[in-house]
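S.K.: with the input below, show me the fold.
(one chain, ligands or ions: 1)
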Amino acid sequence: MASIQMKNIVKKYGDGFPAVNDVSIDIADGEFVILVGPSGCGKSTLLRMIVGLEDITSGDMVIGEKRVNDLAPRDRNLAMVFQNYALYPHLSVYENIAFPLRLAGAKDEEVDAKVREASKTLELDEHLERKPANLSGGQRQRVAMGRAIVRDADAFLFDEPLSNLDAKLRGQMRSEIARLQKKLGITTVYVTHDQTEAMTLGDRVAVLKRGLLQQLASPRELYGNPCNLFVAGFIGSPPMNFLPAEVDGTTVTLPFGSVQISAEKAERVAGKGLLIAGIRPEAFEDASVVDSGREGSTFRATVEVVEWLGNEAYAYIPFEAPPEVQQQLQQLERDLDGESLRTQLVVGLDGSSRIAEGDEAEIWVDTSKMHLFDPSTGENLT
Ligand code: ATP
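M.R.: Model (predicted):
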């Protein structure tokens, strides 16, 4: 196994805008890192440069102790697991796993020992005589990983391996990959455009936008402390709300009224004027179900729609943003592939809330969970 270091990696196709623009990421031995971002952000190009399927324009790619920029893919000792698993349909599970060893000219004895050991780890030992067509999706995935294991690869690389599967199977496979990665402790880099997949799988997640690394952090850190509007909007479902916010001391005026923030937070944004407040739906609550001792602010707003889901509900409250803020939010929507239209506040409620459509409801908000972003740079100031 090995660590992977990307140092100031740049990839240019022709003389256009770099597809990967000065990206540096250190992946520790045994770590599981996800590359995530919208279509065209450069995540697949980055993965292909690790494997050696794409030339590096500038920067250093280091695997273990070795700079591999000029090494052919076969000399990098990495195992790529593809979307369709690339299994040979006419070969048994045993022969599919054995394939890389046979290719390398290994003796039957060694092949047998390695295939049996890998298939035990992967719980495939009872299916060794089957053909891929007679396996479940999860088992096929494990055969593909088995091939990578017998090669004693230094790292696993996955490029959107689950994108062709339906939602249920995708969920199962996700936990399967996470479980196996932990069990094997093998360095893994995984590309996806799906933020849920990124958040549930990785030790750390690298969020990319137009070739630039935005933030590299644990899922918890990305969710709780996004460094800018893009990361804040990309991570989380339903997405974070963005609202115009006028700051004056510890008072923040939102479209629905004023709320109070801590003195420390106020200091960080003093004199900044109009900002964009970011508040996740779950930082809100029906004021009537919140313990009276809990710190926070309340405001009144007219609820347009309520979506009740059993143990929780979402209330939708329309609002208007001034042009300065609208411009930045429209840009954000373009960056996020127009994933969400932010013309309304989404408020998370406890399932026991009695708030109904058309109510002028009293809403509570935990302002310690409110972020304040600079509308011109998108930077999180809090
Ligand atoms: P997706 O999720 O759509 O696959 P991605 O984030 O993996 O997107 P890449 O495939 O890495 O993005 O592409 C990054 C940028 O580089 C895109 O703008 C893409 O059009 C461009 N690009 C990728 N491959 C080539 C190529 N062979 N020649 C020219 N441009 C390319």
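S.K.: so L372 sits in a helix?
M.R.: No: applying DSSP: H, G, I helix; E, B strand; the rest coil, one finds L372 to be strand, outside a helix.
S.K.: show me the contacts for it.
M.R.: Contacts for L372 were tallied using CB atoms under 8 Å, 6 or more residues apart in numbering; they are 245, 247, 252, 261, 265, 268-269, 272, 275-278, 380-382. For the C-beta atoms, the positions are set from N, CA and C on the backbone; glycine is no exception.
S.K.: could you do A98 as well?
M.R.: A98 makes contact with 111, 114-115, 150, according to CB under 8 Å, 6+ apart.
S.K.: follow-up on the earlier one: of the contacts of L372, keep whichever come out buried.
M.R.: Using 16 or more other CB atoms under 10 Å as the burial test, the contacts of L372 include 245, 247, 252, 261, 265, 269, 275-278, 380, 382 as buried.
S.K.: quick one: whichever strand or helix holds L101 to chain centroid distance?
M.R.: Following DSSP states H and E, one finds L101 within helix 93-103. The chain centre lies 33 Å from the centre of helix 93-103; the measure is CA atoms, centre = their mean, to the nearest Å.
S.K.: following that helix, which helix or strand shows up next?
M.R.: By DSSP H and E, the next helix or strand past helix 93-103 is helix 108-121.
S.K.: that following helix versus helix 93-103: what angle between them?
M.R.: Per axes from the mean of the first three to the mean of the last three CA atoms, to 10 degrees, the angle that helix 108-121 makes with helix 93-103 is 130 degrees.
S.K.: what comes up buried for helix 108-121?
M.R.: 111, 114-115, 118-119, 121.
S.K.: for those, point out the one with the lowest pLDDT.
M.R.: When the buried residues of helix 108-121 are sorted by pLDDT, the bottom entry is T121 at 83.
S.K.: check contacts around that one.
M.R.: 149, 183-184.
S.K.: ok, and the most crowded of the residues you listed?
M.R.: Of the contacts of T121, I149 is surrounded by the most neighbours, 23 neighbours in total, counting by other CB atoms under 10 Å.
S.K.: determine the three-state secondary structure at that one.
M.R.: helix.
S.K.: how about it, nearest residue that isn't a chain neighbour?
M.R.: The shortest distance from I149 to any non-neighbouring residue, by CB to CB, 6 or more residues apart in numbering, is to A118 (4.4 Å).
S.K.: what sits against the one you found?
M.R.: Residues near A118 by CB under 8 Å, 6+ apart: 97, 124, 146, 149-150.
S.K.: flag the helix or strand of the protein with the lowest per-element mean pLDDT.
M.R.: Within the chain, no helix or strand scores below helix 323-335, which has a mean of 78 by mean pLDDT, DSSP states H and E.
S.K.: can I get the contacts of A98 in CSV with distance to the ligand?
M.R.: Formatted as CSV, these follow (distance: CB to the nearest ligand atom, whole Å):
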residue, distance to the ligand
V111, 35
K114, 33
V115, 33
V150, 28
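S.K.: closest to P18 out of the residues you listed?
M.R.: Comparing the contacts of A98 against P18 with CB to CB places V150 closest, at 37.2 Å.
S.K.: thought the closest one was touching A104?
M.R.: No: counting by CB atoms under 8 Å, V150 stays clear of A104, with 9.8 Å between them.
S.K.: which bits of the stretch 151-300 of the chain sit near the ligand?
M.R.: Within the stretch 151-300 of the chain, the positions near the ligand by CB under 6 Å from any ligand atom are H193.
S.K.: spell out the residue ranges of the helices in the stretch 151-300 of the chain.
M.R.: Shown for the stretch 151-300 of the chain, the helices assigned by DSSP state H, counting those that start in this stretch span residues 167-184, 195-201, 219-224, 229-234, 263-268.
S.K.: tell me the pLDDT at the closest residue to A28 other than its chain neighbours?
M.R.: Leaving out its chain neighbours, the residue that sits closest to A28 by CB to CB, 6+ apart is S3, at 5.5 Å. Looking at S3, its pLDDT reads 96.
S.K.: equivalent analysis for G338, please.
M.R.: G338 carries a pLDDT score of 59 in this model.
S.K.: before we move on, what about T382?
M.R.: pLDDT for T382: 90.
S.K.: for it, which non-adjacent residue is closest in space?
M.R.: In space, and not counting its chain neighbours, T382 is closest to L372: 4.8 Å by CB to CB, 6+ apart.
S.K.: so how far is the ligand from that neighbour?
M.R.: 29 Å (CB to the nearest ligand atom, to the nearest Å).
S.K.: with N21 instead?
M.R.: Distance, N21 to the ligand, using CB to the nearest ligand atom: 10 Å.
S.K.: I figured that residue hits G211, correct?
M.R.: Yes: if you go by CB under 8 Å, N21 and G211 touch, sitting 3.9 Å apart.
S.K.: between the two, which contacts overlap?
M.R.: Common contacts of N21 and G211 (CB under 8 Å, 6+ apart): G42.
S.K.: look at those two and report which has more neighbours.
M.R.: A count of neighbours by other CB under 10 Å puts G211 above the other of N21 and G211, at 23 against 18.
S.K.: show me how this protein divides into domains.
M.R.: 4-230, 231-373 (automatic domain parsing).
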